[in-house]
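Student: sequence first, then the predicted structure, then my questions.
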Amino acid sequence: MSLRTLLVLVGTAMMVYSEKHSLTYIYTAFSKPVGLPGLHEFTAMGLLDNRMIDYFDSDNQEKVPKQDWMKKHLEKEYWEKGTQSRKSKQQWFKVNIDILMKRMRQNDTDAHVLQWMHGCEGETNDDGSMKFVRGMDMYNYDGNDFLAFDDNHQIWVAAATAAEETKRKWDEVQVLKEYTKGYLEKECMEWMNKFRDFGQEQLKSASPPKVHLFARKAKVEANTILTCLATGFYPKDIIMQIKRNGRVLTIEDGVVTTGVRPNNDETFQRKDHVEILKSDVSTYTCEVNHPASGLHVEEKWGKKL
């Protein structure tokens, strides 16, 4: 065995699957009650790796744990302080929606919505420690990007004309920019590590995907659509490839993907498809690799398409 071959084999053996983790808080406020089931005038939720860990809404007025391990490890004082913080945020949103509506000359006939999302994303090092990848602190108004914090340059970026006044004001407050950067890069990461330690067993329990292949009619009579669906997996990192005679097809070949999307049970799904000629006699397969659960399968579409 050559030295080069040995080094390649050793390098392969030493590879560690790098996982990404996130802690995100999402606040959503309407300018007035919308009167629809499940939609509150104000909601706030915390998400760890896309799993809800805490929740607050304007009807119940209490920050509550959504995972047993959050309730077990955090004292009553944590939830009391969290409730007061959420109530303060609710008032802040109410005031600022009114400001934006006046600034944009909107009346209160329609309901308007302001949303704030902030949090951090980290990646595991080879030694198991977590390194900061990126932070996010962004506002959305009526479904459109409004204002976001550029963590690298410590400035606010206005995505709408109506946000420029807020950008100017907030850029002048140096302590706000320093606090935001510090929270995203340090405090948020510390909380993420702490929460992950609390729920270590549950968060590390990976669920393998169930893979389904099927074909359906295309709008063009001479064609058929091949679809590969992987669902029920956790965590969300997955690799899916559609192949023709062993060659991986890409978007240039017409592959369309939904990307990874959440199911309603804290697992995920992904669906890819490609349109081909019914007369095509090539072998089409779907390869799915879910590193966390160790599942790796490659299945073939049947001859009868």
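Tutor: It's in. Numbers count the residues shown, from 1 in each chain.
Student: quick check, Thr207 in contact with Tyr234.
Tutor: Slight slip there: residue 207 is Ser, not Thr. Yes - contact status for Ser207 versus Tyr234: in contact at 4.4 Å, counting by C-beta atoms under 8 Å. All C-beta spots, glycine's among them, are computed from the backbone N, C-alpha and C.
Student: how many other residues sit next to Thr285?
Tutor: 18 (other C-beta atoms under 10 Å).
Student: looking at Ser207 and Tyr234, which one has more neighbours?
Tutor: Looking at Ser207 and Tyr234 with other C-beta under 10 Å, you find the greater number of neighbours at Tyr234, namely 25 against 17.
Student: what distance do you get for that one to Tyr179?
Tutor: Remark: distance between Tyr234 and Tyr179 (C-beta to C-beta, to the nearest Å) = 34 Å.
Student: do the same with Val288
Tutor: The spacing between Val288 and Tyr179, counted by C-beta to C-beta, is 43 Å.
Student: those two - which one has more neighbours?
Tutor: Neighbours around Val288 and Tyr179, counted as other C-beta under 10 Å, are more numerous at Val288. The numbers are 23 against 12.
Student: and the host helix or strand of that one, what does it pack onto?
Tutor: Here Val288 sits within strand 284-290, counting by DSSP states H and E. Counting contacts by 3 or more C-beta pairs under 8 Å, 6 or more residues apart in numbering; DSSP states H and E, the secondary-structure elements packed against strand 284-290 are strand 210-217, strand 223-233, strand 239-244, strand 268-277, strand 295-300.
Student: give the contact list for the closest residue to Ala159 other than its chain neighbours.
Tutor: Once its chain neighbours are removed from consideration, Ala159 has its nearest residue in Asp145; the separation is 3.8 Å (C-beta to C-beta, 6 or more residues apart in numbering). For Asp145, the contact set (C-beta atoms under 8 Å, 6 or more residues apart in numbering) comprises Met138, Ala159, Ala160.
Student: Asp145 in helix, strand or coil?
Tutor: The three-state label for Asp145, taken from DSSP: H, G, I helix; E, B strand; the rest coil, comes out as strand.
Student: next one: Trp170
Tutor: Under the three-state scheme (three-state DSSP), the conformation of Trp170 reads as helix.
Student: neighbours of it, how many?
Tutor: Burial measure for Trp170: 17 neighbouring residues, criterion other C-beta under 10 Å.
Student: the closest residue to it other than its chain neighbours sits in which helix or strand?
Tutor: With C-beta to C-beta, 6+ apart as the criterion, Trp170 has its nearest non-adjacent residue at 4.9 Å, and that residue is Trp156. Here Trp156, judged by DSSP H and E, is contained in strand 155-158.
Student: many thanks, I have nothing further to ask.
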